[in-house]
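**Q** Sharing a sequence plus its predicted fold:
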Amino acid sequence: MWKWTRPDNIQLLILDGDTLEEEFLTYPYSKDGKIIKKIIVTKTDKLISYENSIMYFDLYDLIQEVMEKEKCESYSIISISKDILFLKSMIEYHIGTILVGNLIHDFLKNIPDYDVLTIKQIVEVLNYDRKGYCAEIFATYESSKKTMSLLFCNESITLADGSERVVDLYFGGRYYANKHMYILNDPLSHIVKQFKSRYVKVVDLFFDLACRYIAQIENVDSFTYIPLKPADIKEGKFDRFNNLKLIGLKKENMQLDTFLRCIKDFSQKGNDLYVRREIVKGAFEVIKDVENKTIVIIDDVFSTGSTILEAVKILYEAGAKKVIAVLLSVNQLTESSIKYKNLKCNICGSNMKLRMNKSSGQLFFGCENYQEHENGKSSTIDLLSGMDTLKEINKLEVVDIVDLQDEF
């Protein structure tokens, strides 16, 4: 799902000539039967012979040049590359992104809008036949018949005996934490926060679909989850995973089971990677037989991965044959130097933020100071209209660059 791009208004492709093979550079990409214009960009002069090729040194200047030359808005531009760092910069400038190739663990903090392997999949993305990452789609539309995908990568972990094991990691989409400037306007991030204290249908749909998908490609023996901490149990905290219905999974005679117990309290907030990994050591114990079993374990947010990977490690050390992790979302760090603009209330001018209708579960934008409005007036914007407006008001502006001459 596009973070910054208007899917109905894709006008230009920026192709990274330094990483993409010729077949990607020369293919006639189209949307709704109409060829999309493309520009090949490079930091060397080896591709200058290509039609519509540009040599660049600075990405911001490049985008400014392209927008001015092609008379298009930033929300109508898509960048395609095999280089995640190239795409990370594009994300910062509010440009749509497609990664050609597999994500690797080291770059989970800067996930592009789509990751694909083939030209055919790029065409599906451009024509919105492939809508995006599963949990993001559910959070925005609740359901969809369009093709969706799970983010995937794998990670190697070291067991107590020094041996190495691999865990497959699946994610539903991107999450922006409270301090992140995108948080007020990201549907999945809002859903993740709600799920911490209440049942959320969208989350149920995601885990049901994801677990059933994995059961189709793996010979899964059991499904489990990250358990509550001792203090959370004592306080009667909402046990979010035990409240999932997972109707589809149960119809196939599968369900979540309790294989782990948390035996100490810990907090990961505000800690760096090293401290997080140290704090969580010894936090879990296996309470049921996992010998030679393939286990799927679920959790809500992957930040550094310390908690989920510790749980996986314990399951492997208890004899599990294979452990697969499914997470609702993965925490993002990519921010932008461009000032982010929020939706404003047409009554009082205050910021609008995402809210959830308590009866329907539907997300919408509402004024954060609505209780102060006179005569109980309410200002709301439906989710999709609000997201389109956000892309418009946060587009990258074309600026005039004036060369300053030295006075001396």
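**A** Now that the structure is in, tell me what you want to look at.

**Q** SS state for Ile39?
**A** Taking DSSP: H, G, I helix; E, B strand; the rest coil as the rule, one finds Ile39 in the strand state.

**Q** Quick one: residues contacting it.
**A** Applying CB atoms under 8 Å, 6 or more residues apart in numbering to Ile39 gives the contacts Leu12, Leu13, Ile14, Leu15, Asn52, Ser53, Ile54, Val66, Glu70. Where you see a C-beta, it was placed from the backbone N, CA and C, and this is true even at glycine.

**Q** and the nearest residue to Met356 once chain neighbours are set aside, how far is that from Asn331?
**A** In space, and not counting its chain neighbours, Met356 is closest to Leu363: 5.6 Å by CB to CB, 6 or more residues apart in numbering. Counting by CB to CB, to the nearest Å, the gap between Leu363 and Asn331 amounts to 20 Å.

**Q** One more: Asp186?
**A** For Asp186, the distance to Asn331 equals 12 Å [CB to CB].

**Q** so what's in contact with the two at the same time?
**A** Common neighbours of Asp186 and Asn331, using CB under 8 Å, 6+ apart, are Tyr175, Tyr176.

**Q** Tell me how far Glu291 lies from Leu228.
**A** For Glu291, the distance to Leu228 equals 25 Å [CB to CB].

**Q** If you could redo that for Asn52, that was the one I meant.
**A** Using CB to CB, which is the criterion applied here, Asn52 is 56 Å from Leu228.

**Q** Between the two, which has more neighbouring residues?
**A** Leu228 (19 against 13; other CB atoms under 10 Å).

**Q** hang on, the more buried one is in a helix, isn't it?
**A** No. Residue assignment for Leu228, taken from three-state DSSP, gives coil, which places it outside any helix.

**Q** if you skip the residues just before and after it, what's nearest to it?
**A** Here the nearest residue to Leu228 in space, its sequence neighbours aside, is Asp239; by CB to CB, 6+ apart that works out to 5.8 Å.

**Q** wait, isn't that neighbour in contact with Tyr225?
**A** No. Using CB atoms under 8 Å, Asp239 and Tyr225 do not qualify as a contacting pair, with a distance of 9.5 Å.

**Q** the more surrounded of those two?
**A** Neighbours were tallied for Asp239 and for Tyr225 using other CB under 10 Å; the higher tally belongs to Tyr225 (23 against 13).

**Q** Outline the domain layout of this structure.
**A** Taking automatic domain parsing as the reference, the chain has its domains at 7-128, 152-331, 341-408.

**Q** okay if I get those as CSV plus mean pLDDT and distance to Cys134?
**A** As requested, the domains of the chain are arranged in CSV below (pLDDT from 0 to 100; distance: least, CB to CB, whole Å):
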stretch, mean pLDDT, distance to Cys134
domain 7-128, 92, 12
domain 152-331, 90, 5
domain 341-408, 82, 17
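
**Q** Using TSV, lay out those together with distance to Phe138.
**A** What follows is the domains of the chain, written out as TSV (distance: least, CB to CB, whole Å):
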stretch	distance to Phe138
domain 7-128	16
domain 152-331	5
domain 341-408	11
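
**Q** closest to Ala135 out of those domains?
**A** domain 152-331 (2.6 Å; CB to CB).

**Q** Report the separation between the two terminal residues of that closest one.
**A** End-to-end distance of domain 152-331: 14 Å, with CA to CA, to the nearest Å as the criterion.

**Q** Stretch 95-114 too?
**A** Criterion CA to CA; first-to-last residue distance in stretch 95-114 is 12 Å.

**Q** What are the boundaries of the helices in the stretch 251-400 of the chain?
**A** 273-280, 306-317, 383-393 (DSSP state H, counting those that start in this stretch).

**Q** so who does the residue minimising distance to the centre of the chain touch?
**A** Closest residue to the average C-alpha location of the chain: Arg174 at 1.9 Å, with CA atoms, centre = their mean. Residues near Arg174 by CB under 8 Å, 6+ apart: Lys3, Ile111, Tyr133, Glu136, Asp186, Leu188, Ser329, Val330, Gln332.

**Q** got the CA coordinates for stretch 252-264 in CSV?
**A** Taking only C-alpha atoms (Å, rounded to 0.1, in the frame of the first residue of the first chain), the coordinates of stretch 252-264 have been written out as CSV:
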residue,chain,number,x,y,z
GLU,A,252,-9.3,-26.3,9.6
ASN,A,253,-8.9,-27.9,13.1
MET,A,254,-6.1,-25.7,14.1
GLN,A,255,-5.9,-23.1,16.9
LEU,A,256,-3.5,-21.1,19.2
ASP,A,257,-2.0,-23.1,22.0
THR,A,258,0.1,-22.1,25.1
PHE,A,259,3.6,-23.3,24.8
LEU,A,260,5.5,-20.6,26.6
ARG,A,261,5.3,-18.9,30.0
CYS,A,262,6.9,-15.6,30.9
ILE,A,263,8.7,-16.0,34.2
LYS,A,264,10.0,-12.5,34.7
